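Undergrad: I would like the atomic coordinates for the input below:
(6 chains)
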Amino acid sequence: MLHTVNKSPFQHTTLADCARFLRSGDVVLLLEDGVLACQVGTLHVALVEGILQRVAVYALGADLKARAITELIPGIQVTDYAGFVSLVEQHKVHAWL
Amino acid sequence: MLHTVNKSPFQHTTLADCARFLRSGDVVLLLEDGVLACQVGTLHVALVEGILQRVAVYALGADLKARAITELIPGIQVTDYAGFVSLVEQHKVHAWL
Amino acid sequence: MKIAVCIGEGPYNHEAADSAYHFIRAALDRGHQIQGIFFYHDGVHNVNALMEPPQDERHMANRWSALGATGIHIVACVTAAKRRGAMEQVAHVELAGLGQLAMMTIQADRLVCFGD
Amino acid sequence: MKIAVCIGEGPYNHEAADSAYHFIRAALDRGHQIQGIFFYHDGVHNVNALMEPPQDERHMANRWSALGATGIHIVACVTAAKRRGAMEQVAHVELAGLGQLAMMTIQADRLVCFGD
Amino acid sequence: MRTVLTDVKKIMCTVRRAPHGSIYVQEGLEAALIVAAYGAEVSLVFMDDGVFALKRGQDTQELGTKGFAAAYGALMDHDIQCVLVDRHAMAVRGMTEADLLSIGQDAETGELRWPRVVEAGEIAALMAEQHSILSF
Amino acid sequence: MRTVLTDVKKIMCTVRRAPHGSIYVQEGLEAALIVAAYGAEVSLVFMDDGVFALKRGQDTQELGTKGFAAAYGALMDHDIQCVLVDRHAMAVRGMTEADLLSIGQDAETGELRWPRVVEAGEIAALMAEQHSILSF
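TA: This next block holds a predicted model:
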């Protein structure tokens, strides 16, 4: 399952909510304001690191650039819209809107 | 200052964010999904009780009824739109949208 | 007291416009003057003349128009409305610039914002 | 692969419609078939023919119309659109019922939802 | 309205937003009913603030809005049997099973039907079996 | 455009949303500039996810959106001197003062101007002095 998360973890619980439903082999894609979770040194690093220990985490590069998020928590993989499509080829999708 | 909060505390940090800016004599009005914070026995009772120790907290009755929130944390005052207007007469307003 | 109201979300999708409407009605009932109502962001959809909600639902645009008919100054932000295609307003609503929001805010005793 | 896309938020106000557009373009570039694009909730504002964004900004409705011109089936939910007054669609976009969302979802290999 | 398909697709609809503050729950239920009418096997899952949509006694009369109680009444007519609610989400929101509203009556026995309270793991496992998932 | 008023009103604009995911920051800045042009004494306060709007190096080219950098350039022209950012909000988001972008140049000295990082208490005290507050 591909889980898409598009909300900031600082004002929404979406990423934490999603984390409760992850299974082995699942993938999380952070996009839009969801990429704010990638930043190092924040309040929610432990949440993100916990997710990284269980599943692969991707973030959309275009959204990272728009928000000037350049120092990413190690292990997060930056991708583009083509990479997003590739993830959709491999997985069914649940959008955590 | 009258602080209006219209977001659920379970998926948004709005109420907690607002709490950092409260001053003596301020008032919090919970409306729309914000009234979900009134429910007893939830994860965020301590947050609400902490706010109640510092300022007066009101909740809109119409929004409580729509959401079937009937068991309220003690100290929260139920009001109506006329009461909302009355609070606006007494205070400047900041909406925590 | 002179009260200005700014509404930043569209009708039906969010409750914000309903809350604003009930608040304004209550303020009028208590004898206050509504300095103006300004629709910004997706709020501009509130006064769209083309909406046709189901017959058993409230008609948001007609509500605003009826308030406007009583002489309350109701403005939708022209820039926000153009961007979003909300270009046909119900009667008694003006399409104008952000200067109207500035004037309302400065002239009113209170500003109350509603939104998502 | 056949991919259906559901978009639940309006243009400009939220990034969701931009994300969906970029995703669809990338899917086409990779040789996939877009089974259909369905606009629901405030998403119906995306294909509003009346929008006039500033000249130096992207024109969301024209983007969707251009995709529709290539033969992609694009539908705005008629019930959601009536409620919100989004009743004038750009070319190559159909106004239809939720059955279209059901059909797209059932017939596609994948459904991807975008929204707020 | 029901179309018979040889290959019945499993479609899940997840409801994560609070009711009444926005229209997503109402329009989401409308969509779920139609998807079922087109022959999909629909499961309806209430998670996070979506669980409030299943709270008994909601009364929107004072708000002047219509609410969506009618949609629940139509679930059984559309053969939507699988209505799940996340146990953890209810617990942190101070909701118990006694707070849940009924989602209609069994067409044959007339018995009241209720949402089934389940763990996150069961929902995640069911997600993995779906053809597609709609988010509301 | 500037209107001289005998009684200058203090108007605060608070920015609490993240940039780019929604248009609130951009349209909020546009509104703040106009309110200042009408002669109000405008303060602009970045709180919560709003602090990301002040991060240096934002580049929306790949998104294909215009961004709002131009609005910052106009702040000084509109005499918006008071641009505050909440220290706690920055800290929990991994932002330091070195991450902040400049909000223009002083018209006389040509020196770069920066947002002022302050505690919640100072913002709350300033809120209490305002004629009105616009939320974006």
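
Undergrad: strands of the chain, residue ranges please.
TA: Let's take chain A. A:2-5, A:27-30, A:56-60, A:77-79, A:93-96 (DSSP state E).

Undergrad: the intended chain is chain E.
TA: Using DSSP E, strands in chain E cover E:10-15, E:41-46, E:82-86, E:116-118, E:132-135.

Undergrad: just put the ones you listed in CSV and tack on mean neighbour count, mean pLDDT and distance to C:Leu50.
TA: The C-beta positions use only the backbone N, C-alpha and C, and glycine is treated the same way. Output for those, formatted as CSV (neighbours: other C-beta atoms under 10 Å in any protein chain shown; pLDDT from 0 to 100; distance: least, C-beta to C-beta, whole Å):
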stretch, mean neighbour count, mean pLDDT, distance to C:Leu50
strand E:10-15, 24, 98, 29
strand E:41-46, 24, 98, 32
strand E:82-86, 21, 97, 36
strand E:116-118, 17, 98, 42
strand E:132-135, 24, 98, 27
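
Undergrad: and those strands as JSON lines, adding distance to chain A?
TA: Below are the strands of chain E laid out as JSON lines (distance: least, C-beta to the nearest C-beta, whole Å):
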{"stretch": "strand E:10-15", "distance to chain A": "7"}
{"stretch": "strand E:41-46", "distance to chain A": "10"}
{"stretch": "strand E:82-86", "distance to chain A": "8"}
{"stretch": "strand E:116-118", "distance to chain A": "12"}
{"stretch": "strand E:132-135", "distance to chain A": "4"}
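
Undergrad: could you dump these into JSON lines and include distance to C:Leu95?
TA: Converted to JSON lines, those look like this (distance: least, C-beta to C-beta, whole Å):
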{"stretch": "strand E:10-15", "distance to C:Leu95": "37"}
{"stretch": "strand E:41-46", "distance to C:Leu95": "41"}
{"stretch": "strand E:82-86", "distance to C:Leu95": "45"}
{"stretch": "strand E:116-118", "distance to C:Leu95": "51"}
{"stretch": "strand E:132-135", "distance to C:Leu95": "35"}
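
Undergrad: quick one, which of those gets closest to chain D.
TA: strand E:132-135 (3.8 Å; C-beta to the nearest C-beta).

Undergrad: quickly run through the sheet partners of that closest one, with directions.
TA: With DSSP bridges as the test, strand E:132-135 is paired with strand E:10-15 (parallel).

Undergrad: got any ranges where chain C has weak pLDDT?
TA: By pLDDT under 70, chain C contains no weakly predicted segment.

Undergrad: so what does the lengthiest helix in it touch, helix or strand wise?
TA: Scanning chain C for the helix with the most residues, using DSSP state H, yields helix C:16-29. Judged by 3 or more C-beta pairs under 8 Å, 6 or more residues apart in numbering or on different chains; DSSP states H and E, the packing partners of helix C:16-29 are helix B:81-90, strand C:2-7, strand C:33-39, helix C:60-69, strand C:110-114.

Undergrad: report the buried residues of it.
TA: Neighbour-count burial for helix C:16-29, counted by 16 or more other C-beta atoms under 10 Å in any protein chain shown, picks out C:16-28.

Undergrad: also stretch A:46-62?
TA: A:Val48, A:Ile51, A:Leu52, A:Val55, A:Ala56, A:Val57, A:Tyr58, A:Ala59, A:Leu60, A:Gly61, A:Ala62.

Undergrad: buried deepest among the helices and strands packed on helix C:16-29, which one?
TA: The highest average neighbour count among these, using mean count of other C-beta atoms under 10 Å in any protein chain shown, belongs to strand C:110-114 at a mean of 26.

Undergrad: within the sheet, what are the partner strands of it, with directions?
TA: Sheet partners assigned to strand C:110-114 using DSSP bridges are listed as strand C:2-7 (parallel).

Undergrad: what are the contacting residues of the strand it pairs with?
TA: Residues outside strand C:2-7 that contact it (C-beta atoms under 8 Å, 6 or more residues apart in numbering or on different chains) are B:88, C:16-17, C:20, C:23-24, C:27, C:32-40, C:43, C:46, C:101, C:104-105, C:107-115, F:132, F:134.

Undergrad: try 7 Å
TA: B:88, C:16-17, C:20, C:24, C:27, C:32-40, C:43, C:46, C:101, C:104-105, C:107-115, F:134 (C-beta atoms under 7 Å, 6 or more residues apart in numbering or on different chains).

Undergrad: just stretch A:66-81 next, same as before
TA: Residues contacting stretch A:66-81 (C-beta under 7 Å, 6+ apart): A:35-36, A:38-40, A:45, A:48-49, A:52, A:56-62, A:64, D:22-23, D:26, F:19-20, F:52, F:55-60, F:63.

Undergrad: pLDDT on it, on average?
TA: Mean pLDDT, computed over stretch A:66-81, is 98.

Undergrad: and that stretch, how far apart are its ends?
TA: 15 Å (C-alpha to C-alpha, to the nearest Å).

Undergrad: list the buried ones in it?
TA: Neighbour-count burial for stretch A:66-81, counted by 16+ other C-beta under 10 Å, picks out A:Ala66, A:Arg67, A:Ala68, A:Ile69, A:Leu72, A:Ile73, A:Ile76, A:Val78, A:Thr79, A:Tyr81.

Undergrad: let's have those in CSV, adding distance to E:Glu108.
TA: Shown next, in CSV, are the buried residues of stretch A:66-81 (distance: C-beta to C-beta, whole Å):
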residue, distance to E:Glu108
A:Ala66, 56
A:Arg67, 56
A:Ala68, 61
A:Ile69, 57
A:Leu72, 57
A:Ile73, 55
A:Ile76, 53
A:Val78, 55
A:Thr79, 51
A:Tyr81, 50
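
Undergrad: what's the most distant pair in those residues?
TA: A:Ile73 and A:Tyr81 (21.8 Å; C-beta to C-beta).

Undergrad: just to revisit the earlier point, any idea which of the helices and strands packed on helix C:16-29 gets closest to E:Asp86?
TA: strand C:110-114 (30.7 Å).

Undergrad: residues making contact with that closest one?
TA: Under the contact criterion C-beta under 7 Å, 6+ apart, strand C:110-114 has outside partners B:88, B:92-93, B:95, B:97, C:1, C:3-8, C:16, C:19-20, C:23, C:105, F:132, F:134-135.

Undergrad: next, whichever residue of chain C sits closest to chain A: secondary structure please.
TA: Of all residues in chain C, C:Asp116 sits closest to chain A, at 12.3 Å by C-beta to the nearest C-beta. Put simply, C:Asp116 is coil when judged by DSSP: H, G, I helix; E, B strand; the rest coil.

Undergrad: what about the closest residue to C:Leu98 other than its chain neighbours, how many residues nearby?
TA: Leaving out its chain neighbours, the residue that sits closest to C:Leu98 by C-beta to C-beta, 6 or more residues apart in numbering or on different chains is F:Ile34, at 4.0 Å. Using other C-beta atoms under 10 Å in any protein chain shown, F:Ile34 is surrounded by 20 other residues.

Undergrad: tell me the centre residue of chain E?
TA: For chain E, the residue sitting closest to the mean C-alpha position, by C-alpha atoms, centre = their mean, is E:Leu44 at 4.0 Å.
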